[in-house]
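*Asks:* what follows is a protein structure lacking sequence information:
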């Protein structure tokens with residue numbers, strides 16, 4: 001059996017290695033357009049910032065070492081231009097020598113990945129304008145910084161690559177501006193959680209301009225500019241287009257294979273295309289979203305590697321199925337960790353789900369053990385049946401551990417309240433007796449049982465004190481004096497029972513505290529005295545973080561006297 005693989009990075013290299021482990025007699029041929037195979041896409045920004053000092057560390061295997069270990073023919077600098085399905089062969093161009101030739105196959109695996117999405121922006125070919133997708137791209141940026149010593153950089157796009165690159169350019173000594181067309185960073189997050197990321201980046205000196213759609217790059221008098229759709233020009237010494245990626249599926253489409261979202265290659269659960277002898281994996285394919293069951297584009301290294309393995313299994317006659325992706329991801333933002341799994345609120349509502357959430361701010365480990373830092377955890381669930389839909393965490397130490405637990409719970413089909421029963425490891429340096437994941441389960445369990453009702457920071461602008469609405473802040477007098485939301489009356493939790501007569505018994509009572517715990521206790525006290533209470537999800541700390549991240553300019557805050 002002869003297997004040709006187009007693309008030698010995550011999915012392609014994974015497929016080749018698995019094929020060899022399963023079939024020592026198979027002939028394996030890999031064609032990779034760039035000069036490198038099996039390289040670490042996700043590590044590219046960190047070489048630019050000097051965190052990864054040795055460029056050799058970016059490549060897990062050289063073409064020579066991969067060929068030797070897996071007994072494969074590896075051709076780098078070779079682009080597959082076309083697939084001839086009728087004759088079961090591919091047309092290949094040697095990019096260095098210009099020679100064109102054909103290579104036959106019994107089975108074909110397409111792992112062409114994705115290409116930078118440029119959306120027709122003019123001037124991307126100018127000197128000093130870069131994309132970041134391959135090792136060659138990374139070396140070009142690094143060399144430009146070394147040779148030209150730029151002082152300012154503009155990054156078009158606030159997704160994963162844009163944010164990682166912003167951090168590393170700051171590390172390299174540049175002043176960085178991120179130009180983001182949507183009104184938030186990191187689209188997999190909900191806008192309120194993304195506000196926490198924006199606040200951290202601004203604190204590190206990164207300028208962020210939301211609503212900034214880049215239409216062109218140009219040079220005026222030798223100086224580089226990013227031109228926005230409104231005509232504004234942002235001067236910079238270098239620029240990077242990090243606007244996301246699109247499936248690199250041209251050869252599949254031209255070969256008549258079925259395509260779907262944004263031209264991505266359609267595959268079944270065994271990674272087979274519409275041609276039974278051709279498989280496709282990685283960023284070039286559309287997959288099933290594990291949570292919604294709908295087709296989606298999810299460009300991540302983990303799914304690409306698993307898909308390569310599954311395609312190889314099926315090529316070798318081992319039934320293997322890809323059950324879909326839930327988009328589990330994690331990113332470092334300076335000293336902060338941002339992680340997500342499953343779907344966000346907008347995706348849940350688009351799928352017709354009754355999306356509800358809890359927000360909590362637990363410590364990374366026992367608060368009495370030195371070094372504990374708070375994280376913000378948001379867990380989404382279906383209010384109809386309690387099914388877990390997604391989770392997002394913005395924090396520091398321990399955020400990655402908790403998102404992996406939540407990702408596993410989603411994959412296992414657990415209900416949100418089941419998180420309360422998870423038996424998780426505890427010792428003071430690592431966690432609390434009630435782990436943050438358990439705490440999220442307790443909160444959801446209370447909501448599902450009707451023990452507490454919530455309201456969101458989004459509801460606050462519409463809340464005006466009246467006979468029907470009473471706003472209650474249960475923090476201490478000192479906390480209240482340091483800052484509060486206009487219209488809220490301060491009755492500290494520990495004084496509430498003695499002062500309960502100050503809370504009207506008719507209408508609705510909207511309660512807040514710092515994190516949501518004391519206000520929850522207050523709601524239980526008030527509810528058992530017949531009052532209709534609502535607890536602020538996430539509390540004042542989350543409200544303030546969203547405000548500081550630019551998410552709620554319409555809410556009036558007060559510090560001592562009202563502002």
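*Replies:* Arrived safely. All values derive from a computational prediction rather than experimental measurement. Numbers count the residues shown, from 1 in each chain.
*Asks:* count the residues that sit near residue 352.
*Replies:* When neighbours are defined as other Cβ atoms under 10 Å, residue 352 has 8 of them. For the C-beta atoms, the positions are set from N, CA and C on the backbone; glycine is no exception.
*Asks:* pLDDT score assigned to residue 39?
*Replies:* With respect to pLDDT, residue 39 scores 84.
*Asks:* number of residues surrounding the residue lying closest to it once chain neighbours are set aside?
*Replies:* Using Cβ to Cβ, 6 or more residues apart in numbering and skipping residues adjacent in sequence, the residue nearest residue 39 is residue 59, 4.7 Å away. Neighbour count for residue 59, taken as other Cβ under 10 Å: 18.
*Asks:* repeat for residue 144
*Replies:* 17.
*Asks:* try residue 510
*Replies:* For residue 510, the count of nearby residues is 25 (other Cβ under 10 Å).
*Asks:* residue 72 and residue 32 touch, don't they?
*Replies:* No: if you go by Cβ atoms under 8 Å, residue 72 and residue 32 don't touch, sitting 11.4 Å apart.
*Asks:* who's more crowded, the two?
*Replies:* residue 32 (26 against 23).
*Asks:* list the contacts of the residue nearest to the more buried one when sequence neighbours are not counted.
*Replies:* Residue nearest to residue 32 in three dimensions, not counting chain neighbours: residue 8, with 3.6 Å by Cβ to Cβ, 6+ apart. Contact partners of residue 8, counting by Cβ atoms under 8 Å, 6 or more residues apart in numbering, are 16, 30-32, 37-38, 63, 66, 74, 76, 111.
*Asks:* 7 Å - rerun?
*Replies:* Going by Cβ atoms under 7 Å, 6 or more residues apart in numbering, residue 8 touches 30, 32, 37-38, 74.
*Asks:* mind listing the helices for the chain?
*Replies:* Remark: helices assigned in the chain by DSSP state H are 10-22, 44-48, 63-70, 135-148, 160-171, 191-203, 250-254, 301-315, 345-350, 399-411, 436-448, 477-482, 517-527, 539-548.
*Asks:* helices or strands up against the fourth one?
*Replies:* With contacts defined as 3 or more Cβ pairs under 7 Å, 6 or more residues apart in numbering; DSSP states H and E, helix 135-148 has these neighbours: helix 44-48, strand 129-130.
*Asks:* buried deepest among the ones you listed, which one?
*Replies:* Stretch with highest mean neighbour count among the helices and strands packed on helix 135-148: helix 44-48 (a mean of 24; mean count of other Cβ atoms under 10 Å).
*Asks:* sorry, back to before: most neighbours, which of the contacts of residue 8?
*Replies:* Counting neighbours by other Cβ under 10 Å, residue 30 comes out on top of those with 28 neighbours.
*Asks:* got a list of what it touches?
*Replies:* Residues near residue 30 by Cβ under 7 Å, 6+ apart: 5, 8, 12, 16, 37, 72-75.
*Asks:* please name the bridge partners of it.
*Replies:* Beta bridges link residue 30 to residue 5, residue 74, judged by DSSP bridges.
*Asks:* distance of it relative to residue 386?
*Replies:* Distance, residue 30 to residue 386, by Cβ to Cβ, to the nearest Å: 46 Å.
*Asks:* go on, residue 97?
*Replies:* On the measure of Cβ to Cβ, residue 97 and residue 386 end up 61 Å apart.
*Asks:* pick out whichever of those two has more residues nearby.
*Replies:* Neighbour count, other Cβ under 10 Å: between residue 97 and residue 386, residue 386 has more, with 17 against 9.
*Asks:* close enough to count as contact, that one and residue 413?
*Replies:* No: between residue 386 and residue 413 there is no contact under Cβ atoms under 7 Å: 11.4 Å.
*Asks:* returning to what we had before: worst average pLDDT in the helices and strands packed on helix 135-148?
*Replies:* Looking at the helices and strands packed on helix 135-148, the bottom one is helix 44-48 with a mean of 94.
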